[in-house]
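A.B. asks: build the 3D model from these lines:
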Amino acid sequence: MEVKVLGAARQVGRSAFLLTHKDSKILLDYGAMTTKVPGFPMHVPPKDIKAIVLSHAHLDHSGAAPLNFLSGSMKLHSTPITSELANLLIQDFIKISGQYLPFEFLDLMAMNSNTVHHGYMEPFQVGDFTIQFYDAGHIPGSAIIAVEAGNKRLIYTGDINGDETNLMPGSWKNLGEADMVITESTYAQADHPGRHKAEQELVEFARTVVERGGVFLIPAFSVGRAQEVAMTLVKNGFNHPIAMDGMALKVNGILLRYQEFLRDPAALRKMLETIEEVTSWTQRRRLVKRPGVIVSPAGMLVGGSSIFYNEHLSMDEKNGIGIVSFQVPGTPGRTLIDKGLTIYRGKPTKVKAEVRRFDFSSHSGRSTLLSDLKGVQGNPKFLTVHGEEESCLALAKELHDGFGAEATAAMPGQEFTV
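C.D. replies: A predicted model of the protein is given here:
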């Protein structure tokens, strides 16, 4: 089995890997870099590919997939909830970035009509490859992908979280033997504080803001993070108003249809019965004047209704803004964290609202990641990807020094033999 790295391996974004065995070729993910002008993986002629196997719905793993359905008859394989979530996110991607994209809505529809669904631990065949999904614990439907061909076995972690959260169980641990592991490196240099601590800090700050008469804005990713923080507030007895806006509401409907992919469906249902769903500008204008919590995409303040809320709330010191997601350099959310600045009436302005950061990551921290990788049996080679360059290099070194394993911080265009 041959592996070619197609995406920005020493960076977060446009994940894509080409696997070849005999006459069969498949892609593991085909993501986009969701910058102002989107970036894409290296091109592979679609006629040569039997299928795309998708680890999860986030655009950095799924966003370029419709490119492969302009022509040809390949299939896309995913869990059923991943298919629906990816469709929702890519539709929004086309709406926001359509002028820069080499595909359109009709190509997404072609992809959807060629999608095949699989559950966890249900092996399926694509050409010469036998493939199986395991729960990755990252977002609902996310999968660790195991691929077998000939007498070789490869494990691709995708994005993985080994720790349990309110929304998700931790990742599946019994991955068996492997000859190669392609692993993410997002937080390979840092451990997260305990989730209980992060939850308590969020709830306490929310109470402080609301009880002093302020509004607490939580910009959050639509898939997973918005639901996680709202569930945290409800679970901990937060007895003030909570509103949720934007695409997160559509995601809520999808999660209700696929509750088997959640850790605690009852907790999700309780949260949905508690919150106010925001569907009109009349509601939005009222909410910025009423003490309470607003959970709203986008998680990096780059779009969505959170821009409206941020402009109306950031200039009042009694209000609060809670950052609960990783902020890519150059985004408004990162500028807010690093410099305390936001765009107000078209100009960079120092915010007056109190800004706090809370670690609600859906990626494994260093210790959990190393523990899970150590649990893979056999003597696998490791490719470290999906992290800033320093993280990919650091993880490769630690796997070599600590495990005695052959480990490489992969570069785009590199080819490896399993």
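A.B. asks: got the contact list for the spatially closest residue to residue 119 that is not a sequence neighbour?
C.D. replies: Excluding its sequence neighbours, the residue lying closest to residue 119 (Cβ to Cβ, 6 or more residues apart in numbering) is residue 79, at 6.8 Å. Any C-beta I mention is one placed from the backbone N, CA and C, and that applies to glycine too. Counting by Cβ atoms under 8 Å, 6 or more residues apart in numbering, residue 79 touches 117, 118, 119, 120, 133, 141, 143, 261.
A.B. asks: tally of neighbours for the last one?
C.D. replies: Other residues within reach of residue 261, judged by other Cβ atoms under 10 Å, total 23.
A.B. asks: I'd guessed it sits against residue 138; true?
C.D. replies: No - using Cβ atoms under 8 Å, residue 261 is not in contact with residue 138, being 11.3 Å away.
A.B. asks: so the residue found closest to residue 248 once you drop the neighbours it is linked to in the chain is in which element?
C.D. replies: In space, and not counting its chain neighbours, residue 248 is closest to residue 226: 3.8 Å by Cβ to Cβ, 6+ apart. For residue 226, the element it lies in under DSSP states H and E is helix 225-235.
A.B. asks: relative to whichever helix or strand comes after that helix, what are the paired strands and their orientations?
C.D. replies: Later in the chain than helix 225-235, the nearest helix or strand by DSSP H and E is strand 242-244. Sheet pairing here is set by DSSP bridges, and for strand 242-244 it gives strand 276-277 (parallel), strand 292-296 (parallel).
A.B. asks: so residue 417 sits right up against residue 1, yeah?
C.D. replies: Yes - counting by Cβ under 8 Å, residue 1 is a contact partner of residue 417 at 7.5 Å.
A.B. asks: so the two - more neighbours on which side?
C.D. replies: residue 1 (22 against 10).
A.B. asks: with adjacent residues omitted, what lies nearest to the more buried one?
C.D. replies: residue 418 is the one closest to residue 1 (Cβ to Cβ, 6+ apart), at 4.1 Å.
A.B. asks: look up how far residue 343 lies from the one you found.
C.D. replies: 48 Å (Cβ to Cβ, to the nearest Å).
A.B. asks: would you mind listing the buried residues in the helix or strand harbouring residue 370?
C.D. replies: Assessed by DSSP H and E, residue 370 sits inside helix 366-374. Neighbour counts over helix 366-374 (16 or more other Cβ atoms under 10 Å) mark 366, 368, 369, 370, 372, 373 as buried.
A.B. asks: and the closest residue to the second one other than its chain neighbours, how far from residue 103?
C.D. replies: Spelled out, it's residue 368. Computed as Cβ to Cβ, 6+ apart, the closest residue to residue 368 that is not its neighbour in sequence is residue 162, at 4.1 Å. Using Cβ to Cβ, one gets 34 Å for the distance from residue 162 to residue 103.
A.B. asks: which one's more surrounded, those two?
C.D. replies: residue 162 (23 against 20).
A.B. asks: check contacts around the residue positioned nearest the centre of the chain.
C.D. replies: The residue lying closest to the centre of the chain (Cα atoms, centre = their mean) is residue 58, at 4.7 Å. By Cβ under 8 Å, 6+ apart, the contact list for residue 58 reads 31, 89, 139, 159, 223.
A.B. asks: now the residues you listed as JSON lines including neighbour count and pLDDT?
C.D. replies: Formatted as JSON lines, those follow (neighbours: other Cβ atoms under 10 Å; pLDDT from 0 to 100):
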{"residue": "31", "neighbour count": "28", "pLDDT": "97"}
{"residue": "89", "neighbour count": "21", "pLDDT": "97"}
{"residue": "139", "neighbour count": "25", "pLDDT": "97"}
{"residue": "159", "neighbour count": "26", "pLDDT": "97"}
{"residue": "223", "neighbour count": "29", "pLDDT": "96"}
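A.B. asks: so which of the residues you listed are in helices?
C.D. replies: residue 89 (DSSP state H).
A.B. asks: now the contacts of residue 58 in a markdown table, with distance to residue 193?
C.D. replies: A markdown table is the format used below for those (distance: Cβ to Cβ, whole Å):
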| residue | distance to residue 193 |
| --- | --- |
| 31 | 29 |
| 89 | 29 |
| 139 | 21 |
| 159 | 20 |
| 223 | 23 |
